[in-house]
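S.K.: take a look and give me a structure for this.
(chains A and B)
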Amino acid sequence: DAGITQSPRHKVTETGTPVTLRCHQTENHRYMYWYRQDPGHGLRLIHYSYGVKDTDKGEVSDGYSVSRSKTEDFLLTLESATSSQTSVYFCAIRDPTSGGETQYFGPGTRLLVL
Amino acid sequence: KQEVTQIPAALSVPEGENLVLNCSFTDSAIYNLQWFRQDPGKGLTSLLLIQSSQREQTSGRLNASLDKSSGRSTLYIAASQPGDSATYLCAVPGPGSSNTGKLIFGQGTTLQVKP
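M.R.: Prediction:
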């Protein structure tokens, strides 16, 4: 398995509070991605990173911000959580120079916003 | 806008059957297509990646085909086993994704193989 961990694995929070999810990789892959998975919508890309301090928006980026200060860590922040952000969040990594186009996924974080 | 559809949403078969999962996409200008497996409560695991220049890709009992002109891909599972029970998702590159690797996913087919 690719060395990807996500923390926390489960979180319950209240509307309006900030939340930060962490993705950590040990593969030294250049690209990192944050997806959310919801019934009826499948997986949708939130933000991605193509290097340290290099990030860009995905399909559903409103209400989310990201940061990548080190190759191994990619943080997803919900500045003020809303109930619509209740979801399962997945991190993925990719390195086209070594692993081709394949993306490797973390185990996911289940977030419940009350 | 690229859309990916997987039909059926759910499938139940007896053990030992050969089966085909379908994936269709609206924009044929893709350079690859990936099939993933997701077990309940888990992340996704890559099964097969087919480049646009290929028509098939095989791994063990799995065979994936790609027909860009018709906007279709199939995942063939031979001699299904209860351990194959999972959700299978296909994904294609999104717009402007030649370097970024952004993916657009179908909603998946949930397969149950009964002993």
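S.K.: tell me which parts of chain B are close to chain A?
M.R.: Along chain B, the residues adjacent to chain A under the rule CB under 8 Å from any CB of the partner chain are B:32, B:34, B:36, B:41-46, B:49, B:89, B:91, B:94, B:99-103, B:105-108. Every C-beta, even on glycine, is put in place using the N, C-alpha and C of the backbone.
S.K.: of those, grab the buried ones for ChimeraX.
M.R.: Taking 16 or more other CB atoms under 10 Å in any protein chain shown as the burial criterion, the selection of buried members of these in ChimeraX is written as:
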select /B:32,34,36,43,44,46,49,89,91,94,100,101,102,103,105,106,107,108
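S.K.: for B:S73, which non-adjacent residue is spatially closest?
M.R.: Spatial nearest neighbour of B:S73, chain neighbours left out: B:C23 (4.4 Å); criterion: CB to CB, 6 or more residues apart in numbering or on different chains.
S.K.: max-length strand in chain A?
M.R.: Using DSSP state E to define each element, chain A has its longest strand at strand A:42-51.
S.K.: tell me if that one is near chain B.
M.R.: Yes. Counting by CB under 8 Å from any CB, chain B is contacted by strand A:42-51 at A:42-45, A:48, A:50.
S.K.: CA atoms only: put that strand into CSV for me.
M.R.: The C-alpha trace of strand A:42-51 is given here as CSV (Å, rounded to 0.1, in the frame of the first residue of the first chain):
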residue,chain,number,x,y,z
GLY,A,42,-19.6,10.3,-6.2
LEU,A,43,-16.1,11.6,-5.7
ARG,A,44,-15.4,15.2,-6.5
LEU,A,45,-12.1,17.1,-6.5
ILE,A,46,-11.8,19.9,-3.9
HIS,A,47,-8.2,21.1,-4.3
TYR,A,48,-5.0,19.7,-5.5
SER,A,49,-1.3,20.5,-5.1
TYR,A,50,1.5,20.1,-7.7
GLY,A,51,4.4,21.0,-5.4
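S.K.: helices and strands around the next helix or strand after that strand, which ones?
M.R.: For strand A:42-51, the following helix or strand on the C-terminal side (DSSP states H and E) is strand A:54-57. Using 3 or more CB pairs under 8 Å, 6 or more residues apart in numbering or on different chains; DSSP states H and E, the elements in contact with strand A:54-57 are strand A:42-51, strand A:64-70.
S.K.: so which of those strands has the densest surroundings on average?
M.R.: Across the helices and strands packed on strand A:54-57, averaging neighbours per residue (mean count of other CB atoms under 10 Å in any protein chain shown) puts strand A:42-51 on top, at a mean of 21.
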